[in-house]
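Asker: Everything below, folded, please.
(one chain, ligands or ions: 2)
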Amino acid sequence: MESRFAVVHYAEIGLKGRNRSFFERVLAENIVKRFQGVDSVRVERMPGRFLVRATVPLKESTWEEKLRTVFGIAYFAPAIPTPRTLEAIEEAVLENFPQEPPGPFRITASRADKRFPLTSLELERRLGEAVRSRTCRPVDLKNPAITVYVEITHPSALIYFTRKEGPGGLPVGVSGKVGLLLSGGIDSPVAGFLALKRGCRVVPIHFHSQPFGNWLASEEKAVEIVKVLTDWGMEPYVYIIPIGDLQQEIVLSAPSAFRLVLYRRLMLRIAEKVMEREGGLALVTGDSLGQVASQTLENIVAISQAVQMPILRPLIGFDKAEIIKIANSIGTYEISIRPGEDCCQFLMPRKVATRPTLAEVLEAEKELDMERMVRHALENMRQIPVRRK
Ligand code: ATP
Ligand code: MG
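Answerer: Ligands and ions are numbered 1, 2, ... in the order given. As a prediction, this is how the structure comes out:
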């Protein structure tokens, strides 16, 4: 079925006063943005929901492809608006009642506008009777093959037949800006996805060891991942920061077991500076406690100490299998497992200290002029725009 209209419901829990209109405004803007390149849709506010109006009829699959990736949406459906009279509603239900699948049906009515003369139950009965006598289908409230949804709202009534789950969460933009340390591995794209889900604007930052190793493949992977995540609302650009020569300095002056921790401390410091310029409030990483040697609690403590900016770690309690499941469902997994190392092999240590004290890490870092290194990295930073085809 093609439709020019879709109804969008959002979770209202905890939304009060001015917060609510802010939330609604950002969600409406994000919906319009998501349809760019397809159609210039308009979003009309109705009590507790939106009516999205396209200029031409859109396929159900198009509505679904777009709306299922807009955070803040609880559920949605291609819908038919009608005048708010019983006759008009009945006519629209009968005219649009789907042929498939066969089997029983039910009517589910709700009234956002209580001035409508019939109660929801009365409306369900009247419409149920009309559909039954026209289609000869039985009513089954528990296991219907088709559910007809009727919403009495303002200024019109809405009718729809299949409703789809949205991604939930909060509209991207209501929670402030964060910098995502995006490695091209499996975890950090999922961490970025979860930050988007809670309403953050997410700026991706990728480090690689140019001029060493296959840094170009790493960069291409990062760009591909950001492309996928822009569908979910990620900013359409990525900062690429080559740090190969700085990693080489670390290799030459620090004990090898501390290398990884020092690389991460360097990355965080650079990312903090980038986000200060961007007006960001926090950094996000894909760390999961104890997953690898560099993610023991001791190493996480030593790494965090390098910056003032808070570090959010949305995956801290996730198992690898859970992370992979999300990565698959959002379309980043296949890209993450492609070859293309962010860190050249000769820069990797053979052993990583798993339980260092902060004092030991600071001692290992002592010979390094981190301030100069950060400045150097920022001078070589590039911002690459990311466009979806
Ligand atoms: P991932 O799958 O995200 O690469 P990982 O399990 O490989 O994670 P690490 O390599 O220890 O773990 O990295 C931990 C986190 O540090 C990453 O999730 C990411 O947020 C950040 N990070 C690591 N390497 C890079 C990089 N080259 N560029 C940007 N961020 C990085
Ligand atoms: Mg990694």
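Asker: So which residues of the stretch 201-350 of the chain form strands?
Answerer: Under the criterion DSSP state E, counting those that start in this stretch, strands of the stretch 201-350 of the chain are mapped to 201-208, 237-242, 282-284, 311-312.
Asker: for those strands, which one sits closest to residue 37?
Answerer: For residue 37, the closest of the strands of the stretch 201-350 of the chain is strand 237-242, at 17.4 Å, according to CB to CB. Where C-beta positions appear, they are placed from N, C-alpha and C, glycine not excepted.
Asker: Would you mind pulling up the elements that that closest one packs against?
Answerer: Under the contact definition 3 or more CB pairs under 8 Å, 6 or more residues apart in numbering; DSSP states H and E, strand 237-242 sits against strand 201-208, helix 215-230, helix 370-379, strand 382-385.
Asker: And what about the closest residue to ligand 2 within the stretch 151-300 of the chain, helix, strand or coil?
Answerer: Nearest residue of the stretch 151-300 of the chain to ligand 2: residue 185, at 3.4 Å (CB to the ion). At residue 185 the chain is in coil, as set by DSSP: H, G, I helix; E, B strand; the rest coil.
Asker: so how far is residue 364 from the closest residue to it other than its chain neighbours?
Answerer: Once flanking residues are discounted, residue 185 sits nearest to residue 336: 5.9 Å by CB to CB, 6 or more residues apart in numbering. The gap separating residue 336 from residue 364 is 30 Å, by CB to CB, to the nearest Å.
Asker: correct me, but residue 224 touches residue 334?
Answerer: No - under the criterion of CB atoms under 8 Å, residue 224 is not in contact with residue 334, lying 9.5 Å apart.
Asker: Which one's more surrounded, these two?
Answerer: More crowded of residue 224 and residue 334, by other CB atoms under 10 Å: residue 224, with 18 against 11.
Asker: which one of the helices and strands packed on strand 237-242 is the most hemmed in?
Answerer: Sort the helices and strands packed on strand 237-242 by mean neighbour count, taking mean count of other CB atoms under 10 Å, and strand 201-208 sits at the top with a mean of 25.
Asker: where does this structure come near ligand 1, residue by residue?
Answerer: Contacts of the chain with ligand 1, taken as CB under 6 Å from any ligand atom, map to 181-183, 185-188, 206-208, 264, 267, 285-287, 291-292, 294-295, 342.
Asker: Which among those residues count as buried?
Answerer: Among those, those buried by neighbour count (16 or more other CB atoms under 10 Å) are 181-183, 185-188, 206-208, 264, 267, 285-287, 291, 294-295, 342.
Asker: Count the neighbours of the residue of the stretch 1-150 of the chain found nearest ligand 1 for me.
Answerer: Closest approach between the stretch 1-150 of the chain and ligand 1, counting by CB to the nearest ligand atom: residue 71, at 20.6 Å. Per other CB under 10 Å, the neighbour tally for residue 71 reads 25.
Asker: For residue 286, see how far away it is.
Answerer: Residue 71 is 19 Å from residue 286, by CB to CB.
Asker: cool, residue 323 as well?
Answerer: Residue 323 is 8 Å from residue 286, by CB to CB.
Asker: Please enumerate the shared neighbours of those two.
Answerer: Common neighbours of residue 323 and residue 286, using CB atoms under 8 Å, 6 or more residues apart in numbering, are 186, 187, 190, 315.
Asker: Looks like residue 146 contacts residue 163 (just checking).
Answerer: No - counting by CB under 8 Å, residue 146 sits too far from residue 163 to count as a contact (11.8 Å).
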